[in-house]
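Student: Output the structure for:
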Amino acid sequence: MLNQRVMPMPANTIFNHKHKRQSNERGFTLIELIVTIVVMAISFTALGVWMFNANAGSADPVISMRAATLGQAYVEEILSKRFDENTSSGGIPRCNEVGQPSCSGSMGADAGETRSTYDDVDDYNGLNEVPTDAFGNARANYTGFNVSVVVRYAGSDFGLTNTELKKIDVTVTTPSGSPHVFAAYRGNF
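Tutor: Next up, the predicted model:
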């Protein structure tokens, strides 16, 4: 065999070689990992809260639309009735007209009247119920809703004699407790 002589490498060459290898294989420090985990946890928490709030409010427009539909149904039902107990069917002759009886001073259902027999606007005053139709049948798909009605004389709101106009306020309360108020006026004509 040939005699080969191996030349030793200078010491600084070995050190430089090791140093280069360490810098290429450098990883994350413990502090960098902790900071990354904390930042990601905060980000995911914020994203989760935003998604929850966005999802929780997604039903609000549907519930508001259902409340509006229910409120409109009650207002239309009430407006279809005559102005006063002392007004004849069709509105002529009117109460408080010359030679006719005075308009009723009492608001609310007359003795013995039930929802199915309400015949004038003020019979609905004080009504507070779960949604039903005019015959007392429960309305489907309105679980958790509530309807209340207030009727008052309101002619003075428009410079008329007080008994010439009645204001009807229908309040529909949603299952979340949010009130939706619908108002209408019924004139004595």
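Student: what element comes up after the biggest helix by length in the chain heading to the C-terminus?
Tutor: Of all the segments of type helix in the chain, defined by DSSP state H, the longest one is helix 30-56. Where DSSP states H and E defines the elements, the next helix or strand beyond helix 30-56 is helix 60-79.
Student: Name the next helix or strand downstream of that next one, please.
Tutor: Next element after helix 60-79 (DSSP H and E): strand 128-129.
Student: C-terminal to that next one, what's the next element?
Tutor: Proceeding N to C from strand 128-129, the next assigned helix or strand is strand 146-153, under DSSP H and E.
Student: downstream neighbour of that following strand in the secondary structure list?
Tutor: Using DSSP H and E, the helix or strand that follows strand 146-153 towards the C-terminus is strand 165-173.
Student: Give me the helices and strands touching the very next helix or strand once past that next one, please.
Tutor: Downstream of strand 165-173, the first helix or strand assigned by DSSP H and E is strand 179-187. Packing partners of strand 179-187 (3 or more CB pairs under 8 Å, 6 or more residues apart in numbering; DSSP states H and E): helix 60-79, strand 165-173. No exception for glycine: its C-beta is placed from N, CA and C like everyone else's.
Student: Mind doing that once more with 10 Å?
Tutor: Packing partners of strand 179-187 (3 or more CB pairs under 10 Å, 6 or more residues apart in numbering; DSSP states H and E): helix 60-79, strand 146-153, strand 165-173.
Student: can you put these in JSON lines and add distance to residue 119 and mean neighbour count?
Tutor: Converted to JSON lines, those look like this (distance: least, CB to CB, whole Å; neighbours: other CB atoms under 10 Å):
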{"stretch": "helix 60-79", "distance to residue 119": "11", "mean neighbour count": "16"}
{"stretch": "strand 146-153", "distance to residue 119": "14", "mean neighbour count": "19"}
{"stretch": "strand 165-173", "distance to residue 119": "14", "mean neighbour count": "20"}
